[in-house]
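Trainee: got a sequence here, can you model it:
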Amino acid sequence: MKLSELLKISVDSDATDLFLVPKRPPMMRIGDGVVPVVETPLTQLEIQQVAEFMMSDKQKEEFERESELNFAYEREETGRFRVNLYRSHSGMSIVCRIVKMQIPTIDELLLPDRKSVV
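Mentor: Next up is the predicted model:
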């Protein structure tokens, strides 16, 4: 499955995060749970190809030096994402945090009215 499809499914499902880990299916966080996007596990090569597609040459160099990288990624058709790319014992992994394009109101966030807090 293509990165654009994984991101679109995550955004359309109102997920907050997309997790790409080797030997595991792509997972997304929805509310308090983590659910698979599809059942097919990802290979290390697939994750590496996704990472290389997302990064600039300068970012690739930094990742090679540091084994970790945080950056912003944007796709016109799906939105903005905060990406954490890292190496662990299982290999290269990616976490994409979905950045909402519309800022929620105080009511939507279920925050108390400012007057009631004072």
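Trainee: is the residue nearest the centre of the chain bridged to anything, and to what?
Mentor: The C-alpha lying nearest the average C-alpha coordinate of the chain belongs to Cys96 (C-alpha atoms, centre = their mean; 1.1 Å). Listed beta-bridge partners, Cys96: Leu18, Val83 (assigned using DSSP bridges).
Trainee: might one say that it is in contact with Tyr73?
Mentor: Yes: judged on C-beta atoms under 8 Å, Cys96 makes contact with Tyr73 at a distance of 7.2 Å. The C-beta positions use only the backbone N, C-alpha and C, and glycine is treated the same way.
Trainee: mind listing the shared neighbours of the two?
Mentor: 81-83 (C-beta atoms under 8 Å, 6 or more residues apart in numbering).
Trainee: kindly give a single ChimeraX line that selects the buried subset of the residues you listed.
Mentor: Buried residues within the shared contacts of Cys96 and Tyr73, by 16 or more other C-beta atoms under 10 Å, are selected in ChimeraX with:
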select :81,83
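Trainee: generate CSV for the shared contacts of Cys96 and Tyr73, with pLDDT and distance to Val11 as supplementary columns.
Mentor: Output for the shared contacts of Cys96 and Tyr73, formatted as CSV (pLDDT from 0 to 100; distance: C-beta to C-beta, whole Å):
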residue, pLDDT, distance to Val11
Phe81, 96, 9
Arg82, 97, 13
Val83, 97, 14
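Trainee: okay, the shared contacts of Cys96 and Tyr73 in TSV with distance to Ala51 next?
Mentor: Output for those, formatted as TSV (distance: C-beta to C-beta, whole Å):
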residue	distance to Ala51
Phe81	13
Arg82	15
Val83	9
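Trainee: and which of the shared contacts of Cys96 and Tyr73 is nearest Leu110?
Mentor: Arg82 (23.1 Å; C-beta to C-beta).
Trainee: that'll do, ta.
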